[in-house]
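A.B. asks: Please work out how this folds:
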Amino acid sequence: MRVSTMIRFTPSDDPHDRLLDRVADYARRIEASGFPGIWVGDSLGRGRPTLDPLVELAVLAAVTRRVELGIGVLQLPLRHPIELAHRVQSVQALSGNRLVLGVGSGSTKADFDLLGYDYDKRFGTMRSSLDIMRRAWRGEPANTWYAVDMAGLRRRTADFGRSLAQPSLDHPGRQGISGLDAVRPLQQLG
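C.D. replies: Alright, predicted model coming up:
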């Protein structure tokens, strides 16, 4: 069994609080203690200040060399899949391929309400986002739309470019979706 740590760094309104120093010190101590990984969470709109989990992981990557870095879980339906694919591959590249990406559909309606997103469509949005992200990382056309130019209606395809550092979503027993009603959608992901 592997036991990693999970932390939620809370920003302070104290102007003398050195959050970056606290994060760096924590990460170095965890790595020096021999823990195999450091994980962060993901939340929005819950009445307290939070940090972006991918920014947190980029900081952790900068001050560590060996520990696995993970998110438990990144709420895919709350972000645009192309932009998220770019940010995830950036952390994967900067960390030397140490990122383990836990993904989820989102469990708290308040997070969706904050952004004006439909909470009831989160499972379908998550499946669609995963598909788009995987295609983007493989360098396949990932987003298609139609545009009108001087010659009329033309199909356009965004080409993300093949990722140099593809995060793995295929760790047995590590792919997850938050929420009690998530079993069937998780099985459909294959």
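A.B. asks: mind pulling up the phi and psi values for the residue nearest to Arg8 when sequence neighbours are not counted?
C.D. replies: Leaving aside its sequence neighbours, Arg8 sits nearest to Gly41 (C-beta to C-beta, 6 or more residues apart in numbering; 5.5 Å). Heads up, the C-betas are built off the backbone N, CA and C, glycines and all. Per-residue torsions, Gly41: phi -100, psi -180 (degrees, to the nearest 10).
A.B. asks: Just say helix, strand or coil for the spatially most central residue of the chain.
C.D. replies: Centroid check for the chain by C-alpha atoms, centre = their mean gives Leu74 as the closest residue, at 4.2 Å. The three-state label given to Leu74 by DSSP: H, G, I helix; E, B strand; the rest coil is strand.
A.B. asks: surely the residue nearest to Arg8 meets Thr10?
C.D. replies: No: counting by C-beta atoms under 8 Å, Gly41 does not reach Thr10; the two are 11.3 Å apart.
A.B. asks: out of these two, which sits in the busier spot?
C.D. replies: Gly41 (18 against 12; other C-beta atoms under 10 Å).
A.B. asks: need the contact list for that one.
C.D. replies: For Gly41, the contacting residues are Met6, Arg8, Pro53, Ile71, Gly72, Val73, by C-beta atoms under 8 Å, 6 or more residues apart in numbering.
A.B. asks: Sweet, I'm off.
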